[in-house]
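K.L.:
Structure, please.
(2 chains)
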Amino acid sequence: MTVISTEALTKRYPSVVALDALTVMVGPGVTGLVGANGAGKSTLIKILLGLLPATSGAARVLDLDVATAGEQIRRRVGYMPEHDCLPPDVTATELVVHLGRMSGLPTTVARERAADTLRHVGLYEERYREIGGYSTGMRQRVKLAQALVHDPELVMLDEPTNGLDPAGRDEMLGLISRIGTDFGISVLVTSHLLGELERVSDHVVVVDAGRLIRSTATAAAMSGAGVVTVEVTEQADALARDLTARGWQVVAGSRHSVLDVLHDDDSVLDAIRDSAADLGVGLLRLEPRRHGLAEIFADEPLSVASGREARSSDGGADVG
Amino acid sequence: MSVNPPTGPASQVEPAIYDLGFQHYQGERLSAWYATRALFWDTYRGAFGFGRSTRAKVMPMLLVVLVTVPAVIIVAVAIVTRLDELPAAGSQYLSGVSLLTALFVASQAPQAVSRDLRHRTISLYLSRPLGRGQYVLARASALIAATFTFLALPVTVLHAGGLLAKLPVRDQLTGWLGGIWTAALYAVLLALLALAICAWTVRRGFGVAAVVVSLFLSVVVASILANVIAFDADSNGTPVPTAAVLALAFAPLSLIDGLRSWMIGDRPDSALVPDTAALGATYAIVYAVVVGLSVLALVWRYRTVSVS
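P.N.:
The predicted structure is shown next:
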């Protein structure tokens, strides 16, 4: 099943091309849409909601044509804007009930679902207070709740982690992950940070200057080959040589005492243990990691890990 | 051998929140017109402060009391002193309270439109089935209806009181109908004008000020102009010139006053009201033009509003 599909979708403004013949397919689950500011993410969402006509090309959401079925799409889709959009003088409950009715829920249903949804995003007694007194994290939760109140089949979240501190960011990403898995609602989530989306997305689409750079299933890309970071008390070089002799590919880590070992199955852990025991060095750290998406998007299998953000260029991506 | 398990986001979330699970909704989803009606009623109730904070209730409630109390007093006087007709019919009563009407639309129009634009809540409406046109229709018709209710209330009190004072039923009925018609004239023009002004002045305070100033200032300027022309004519011993009456057509409050006086044919409050078919028609045309321009300004504003 395809949730979103675009076919040579183009949006041209007088001075800029926001989307340049973008063809992409998005399936169910959590999909990350990554790109720098101005890469065309918000334009794409507006077109997908049927609120902005495309210059050329076509797009379908939940198998509905965005050009002709905007109203039906908006009935079945939730949208969380990037910018602040909450009136300060109503309570979260009042706002979410009101917006639930605006999505076509009968009033009694809207009341029940507003209370449920606010609880699911982590707002309890606060929901009876006026939004004007909320923290950024609470506001983001209200914005998320109004996108979910009518039980959409798909939610589009525009930069939901914007303005949040690291803890708030983790909580928001956790919620997004739950929307995809526990709630069973497909998610299209945008960010300019690749690193945070790789944690929650089943699939990542990278756009730059309105063009598709990569569209990759993270699960498929991340299964199989992996990397283990090893930190030892001393003789890191000797350990590297020994592991290389045992047939493993070793890359120098971020510090002298740290090594990254590439592997394709868990027997590498035994090899590292044996090697360290033979050399008599102390193992300080043994950390299996998934590939960073930056590494997936790099054309090289793995270069010295120096950055985890992909910087896109024409047709491909380099590790920054 | 122990390795750090990858810390997934799920492990950091309070499990208690999700124990009941997310409930899906299989029931009916109503049309965009249902949402339009819901928005209409929320705006209508909100104009009187219902469903809003206590602070927001003060102004509309105070104005409702102020606009109704004189009607109650008139009725009481009529009953006690056994008058054979009310000192003011509904339509004339509304001319007398037009400043309160102006305050009502000026204070409530920002709530209906500026608020969503200022806080960008409009995005949350437009990303729903409701169209831009339906949004504007719901907001505008609700403020018109609320203003009409605001004015119909004292008119009804007045003429129901007239019946209570055992005044002729026929007089009370025609007086009431004239008052209701006048209430509609006030409601449509003032509400739309205030909405158009507020849709372009995003800050609440500015919107209130802009509406009050434009309504009051225009009527003051037009009255001075008309009186200067009339005084001139008076001292020359000629009848009130058309120019003086025309000058009053360019202030919304005196325009409505003149138009209802001409349409209902009730006792004019001043000599400066349209007394010929040509002048009456001119007033009607100016009224229609102001309403049309206000609607255009509103629609134009919402055509250009962006979702994100």
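K.L.:
Any idea how many residues pack against the residue in the stretch 101-250 of chain B that chain A sits nearest to?
P.N.:
At 3.9 Å from chain A, residue B:127 is the closest residue in the stretch 101-250 of chain B, using C-beta to the nearest C-beta. Where C-beta positions appear, they are placed from N, C-alpha and C, glycine not excepted. Close neighbours of residue B:127, defined as other C-beta atoms under 10 Å in any protein chain shown, add up to 29.
K.L.:
What residues are bridge-paired with the nearest residue to it once chain neighbours are set aside?
P.N.:
Spatially, and ignoring its direct neighbours in sequence, residue B:127 is nearest to residue A:79 (3.9 Å; C-beta to C-beta, 6 or more residues apart in numbering or on different chains). Per DSSP bridges, the residues bridged to residue A:79 are residue A:156.
K.L.:
contacting residues around residue A:79?
P.N.:
A:45, A:49, A:147, A:155, A:156, A:158, B:123, B:124, B:127 (C-beta atoms under 8 Å, 6 or more residues apart in numbering or on different chains).
K.L.:
again, 10 Å this time
P.N.:
A:45-46, A:48-49, A:51, A:143, A:146-147, A:152, A:154-158, A:188, B:123-124, B:126-128, B:307-308 (C-beta atoms under 10 Å, 6 or more residues apart in numbering or on different chains).
K.L.:
Quick check: the gap between it and residue B:131.
P.N.:
Remark: distance between residue A:79 and residue B:131 (C-beta to C-beta, to the nearest Å) = 15 Å.
K.L.:
What of residue A:92?
P.N.:
Residue A:92 is 26 Å from residue B:131, by C-beta to C-beta.
K.L.:
Looking at these two, which one has more neighbours?
P.N.:
residue A:92 (25 against 19).
K.L.:
Which residue comes closest to the more buried one once chain neighbours are left out?
P.N.:
residue A:127 (4.2 Å).
K.L.:
In terms of helix, strand or coil, where does the one you found fall?
P.N.:
helix (DSSP: H, G, I helix; E, B strand; the rest coil).
K.L.:
Now for it, how many residues are close by?
P.N.:
Neighbour tally, residue A:127, other C-beta under 10 Å: 24.
K.L.:
swap in residue A:23?
P.N.:
For residue A:23, using other C-beta under 10 Å, the count is 15.
K.L.:
Equivalent analysis for residue A:185, please.
P.N.:
Residue A:185, neighbours per other C-beta under 10 Å, totals 23.
K.L.:
now swap in residue B:105 and tell me
P.N.:
Residue B:105: 30 neighbours (other C-beta under 10 Å).
K.L.:
Touching, it and residue B:193? I think so.
P.N.:
Yes - using C-beta atoms under 10 Å, residue B:105 makes contact with residue B:193 at a distance of 7.8 Å.
K.L.:
elements contacting the strand or helix carrying residue A:73?
P.N.:
If you go by DSSP states H and E, residue A:73 is part of helix A:70-76. Helices and strands touching helix A:70-76, as assessed by 3 or more C-beta pairs under 10 Å, 6 or more residues apart in numbering or on different chains; DSSP states H and E, comprise helix A:41-48, strand A:56-61, strand A:64-65, helix B:32-47.
K.L.:
average pLDDT across it?
P.N.:
Model confidence over helix A:70-76 averages 93 on the pLDDT scale.
K.L.:
CA atoms of that helix as PDB?
P.N.:
The C-alpha trace of helix A:70-76 is given here as PDB (Å, rounded to 0.1, in the frame of the first residue of the first chain):
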ATOM      1  CA  GLY A  70      -8.300  18.100  -1.200                       C
ATOM      2  CA  GLU A  71     -11.300  18.100   1.100                       C
ATOM      3  CA  GLN A  72     -11.400  14.200   1.400                       C
ATOM      4  CA  ILE A  73      -7.700  14.200   2.000                       C
ATOM      5  CA  ARG A  74      -7.900  16.800   4.800                       C
ATOM      6  CA  ARG A  75     -10.700  14.800   6.400                       C
ATOM      7  CA  ARG A  76      -8.400  11.700   6.700                       C
END
